[in-house]
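*Asks:* Return atomic coordinates for the entry below.
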Amino acid sequence: MKKALLIIFLGSLSYGSFGQPKSNRSIDSLKYLLAKHPHPDSVQATYQIELAYQVFYLKPDTALILAQSALSTSQKLKLVKHIGRSYHALGKAYSRQGNDVKSLDTYLKAIPYFEKAKDARGLAITHTSIGQVHEKQRNNEKALDHYQKAFSIAKDKAFEDQLINLLVHIGTIYNRISKPDTALTLLKLALVKNKKYPDRDMTSRILENIGYVYFRRHENEKALDYFFQVLKNRQEGKNLFGEASAYKAIATVYKNTGEYQKSIEYATKSFEVADSANENDLKRGSAFILSEDYEKLGDYKNALKFQRIGEIVKDSLFTTEKNLMMSNLQTEFEIGRQQKEIDLLNKEKEINQKTLRNQEIQRNISIFGILLLGLIAGLFYRNFFRQQLSNRMLTYKNAEIEAQREQLSQLNTTKDKLFSVISHDLRGPLNSLEGTLLLLQEGYLTQEEVTYICRELFRKVQDTSALLNNMLHWAKSQMEGITAKPETFDLSEMSKNVCNFFDPVAEKKKIILENHISQVAYAFADKNITALILRNLLSNALKFTPENGKISLEIGQENTMWWVAVRDNGKGMNPRQMQDLFNLKTHFSTRGTANEAGTGLGLLLCKEFTEKNGGQIWVESTENQGSCFFFSLPVANLTPSKTELKGS
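*Replies:* Numbering: from 1, shown residues only. Presented below is the predicted three-dimensional model:
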């Protein structure tokens, strides 16, 4: 590491020329040039790339469109260097959108084109951009690796502006990994080199990083001196983001030195400027500083106010990241779906090719038959046989394609259902858990409140665990298929075990749980699936039966089928609820009498697994009077027929 640092230090002293020149064209002039040049060629692609670089920070969506258009034109015309620049511009736009995965992917795609074009500047800039992605994700080792690759190229080609930029990046990482002395050496070197080429934004950036180095070294007066220089530069340059960042840095130092009133003064300015510039990340940080300052001064009202503001902004940032994640998941699914469609088209193409080959064979056979009249009968028979074989193959292929289309449709429905459950029914418990942990961490709860909340958390974890189990069973059934493996077993023994399992729950809610399946009743079905159905129905009954209620298990035989009933005197349902109960597209969820969570997924499992057992499931219910869920399954051959076993 020391050797690499020495190379960077000495190498940076050897070059004096500037690196990549910035475009002198304004956004308006580039728009005008594009409007006057509508034809897709190298000139248009150049204008589009330049405009993408100009607008990506404020309008990343527009930059994406421009870069993609330039990439398409460059690929058609095989403009190697333009392809590399288009990919790099795409990466900048994706990075601004917060999509680090796509940003990194497009940067990596740019590298081989810059290598092929022998574009050293493009390579240096792209390695720097890749390092920035890793630096943002706190992957310091990978970031340093790409920064040093870029530094080596920039040093060799005397790209002075790149050298300054890389000295700042590398110095920032050394400060982050607790090597402030090394960081200070690199940053001061960057400051000296930057004086030869005055750049207000770069100067402010270097000064700000030097200030943070002194702050890490607990030299607060020096840190403040640099931060005030940064503030002056950014106010003169009308850089709202930089101004808010400088105010926040000053407030952080004053908070660290215990000068809370001054910290409040500058944190308030940071908050206001960040709010006007719509910079939510800075706004969140300033709010938390204000909350801590007011708390130290005993002003708990304002402390709570800014704590809540910070949490609201944090939640909005989290929601944006979560929506991006869900969007990425949706994109991955769509890619998979498109791949399946491509596979279907390839199979259809294969069938058509086989059909053409068969037609060619028939034609050749006909010609050959005319020439060899003596073999007409034999050739006709062979042709007929081949035709039948081809038809069977075509029929088989068509059936296979139709089955794959149906499977694709089912996968779409499964995907929509899983996304719905994941985004809706897991969010509540996780948000409750996050909020409780925050209260515990801040020490806002008494011992009695901790004990009570632990019990509530335990119940929520149990509910969430049951939800996940049902969701996994259902997803496996939909996406992989579960085959029932029937065997002979005793329903009375199974009902006894299930009742014993739920006795503690019933006792807690003071519910009477009666099992009237007392006599031997042999069924022929999948034992595990049947147990899952019975557990879900009994769990559902316990959820919607109030204290001092009653639940009973009953059984009866009708022809060659057992019917099993789970009856309760709980909340009951109206006709509309009963109609939607087992419908995948319209199923609903309702909280239990003790506010237990539910998704309705358990009843969908019961319906699907009952049908796999060769039975049916139905419900009888009256609102506010209770419900009775029935399901049927085959009687085992050894069971005496026409037997009726009913409970009261």
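
*Asks:* make it CA atoms for all contacts and neighbour counts henceforth
*Replies:* Will do.

*Asks:* wait, what's in contact with residue 146?
*Replies:* Residue 146 makes contacts with 127-128, 130-131, as judged by C-alpha atoms under 8 Å, 6 or more residues apart in numbering.

*Asks:* which secondary structure element contains it?
*Replies:* Using DSSP states H and E, residue 146 falls within helix 140-157.

*Asks:* Figure out how far that helix is from the centre of its chain.
*Replies:* Centroid displacement of helix 140-157 relative to its chain, using C-alpha atoms, centre = their mean, to the nearest Å, is 31 Å.

*Asks:* Assign the residue nearest to residue 215 when sequence neighbours are not counted to helix, strand or coil.
*Replies:* For residue 215, ignoring the flanking residues on the chain, the nearest one in space by C-alpha to C-alpha, 6 or more residues apart in numbering is residue 223 at 5.4 Å. Of the three states, residue 223 takes helix according to DSSP: H, G, I helix; E, B strand; the rest coil.

*Asks:* hang on, isn't residue 223 packed against residue 209?
*Replies:* No. Taking contacts as C-alpha atoms under 8 Å, residue 223 lies outside contact range of residue 209: 9.5 Å.

*Asks:* one step back: looking at the contacts of residue 146, which has the most residues close by?
*Replies:* Ranked by the number of neighbours (other C-alpha atoms under 10 Å), the contacts of residue 146 place residue 131 first, at 28 neighbours.

*Asks:* how close does it get to residue 164?
*Replies:* Using C-alpha to C-alpha, to the nearest Å, one gets 15 Å for the distance from residue 131 to residue 164.

*Asks:* And residue 187, by the same measure?
*Replies:* 9 Å.

*Asks:* try residue 136
*Replies:* Distance of residue 136 to residue 164, given as C-alpha to C-alpha: 19 Å.

*Asks:* Have a look at the two and say which one is more surrounded.
*Replies:* More crowded of residue 136 and residue 164, by other C-alpha under 10 Å: residue 164, with 25 against 11.

*Asks:* ok now do the closest residue to the more buried one other than its chain neighbours, which residues does it touch?
*Replies:* Setting aside the residues directly before and after it, residue 164 is nearest to residue 190 in space (C-alpha to C-alpha, 6+ apart), at 5.1 Å. By C-alpha under 8 Å, 6+ apart, the contact list for residue 190 reads 164-165, 167-168, 206.

*Asks:* Pick out whichever of the residues you listed sits closest to residue 278.
*Replies:* residue 206 (24.1 Å; C-alpha to C-alpha).

*Asks:* Packing partners of whatever helix or strand that closest one lives in?
*Replies:* Residue 206 is part of helix 200-216, with elements assigned from DSSP H and E. On a contact count with 3 or more C-alpha pairs under 8 Å, 6 or more residues apart in numbering; DSSP states H and E, helix 200-216 meets helix 160-176, helix 180-194, helix 220-236.

*Asks:* Nearest to residue 395, out of these?
*Replies:* Nearest to residue 395, of all the helices and strands packed on helix 200-216, is helix 160-176, at 64.0 Å by C-alpha to C-alpha.

*Asks:* Which parts of this protein belong to which domain?
*Replies:* Per automatic domain parsing, the domain ranges recorded for the chain read 426-479, 482-634.

*Asks:* From the chain's centroid, how far away is the longest one?
*Replies:* It refers to domain 482-634. Put simply, domain 482-634 sits 35 Å off its chain's centre (C-alpha atoms, centre = their mean).

*Asks:* returning to what we had before: now the contacts of residue 146 as JSON lines including secondary structure and distance to residue 86?
*Replies:* Formatted as JSON lines, those follow (DSSP: H, G, I helix; E, B strand; the rest coil; distance: C-alpha to C-alpha, whole Å):
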{"residue": "127", "secondary structure": "helix", "distance to residue 86": "15"}
{"residue": "128", "secondary structure": "helix", "distance to residue 86": "16"}
{"residue": "130", "secondary structure": "helix", "distance to residue 86": "15"}
{"residue": "131", "secondary structure": "helix", "distance to residue 86": "19"}
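
*Asks:* from the residues you listed, which is closest to residue 616?
*Replies:* Out of those, the member with the shortest distance to residue 616 (by C-alpha to C-alpha) is residue 130, at 58.2 Å.

*Asks:* Could you tell me the model confidence score at that closest one?
*Replies:* pLDDT recorded at residue 130 is 96.
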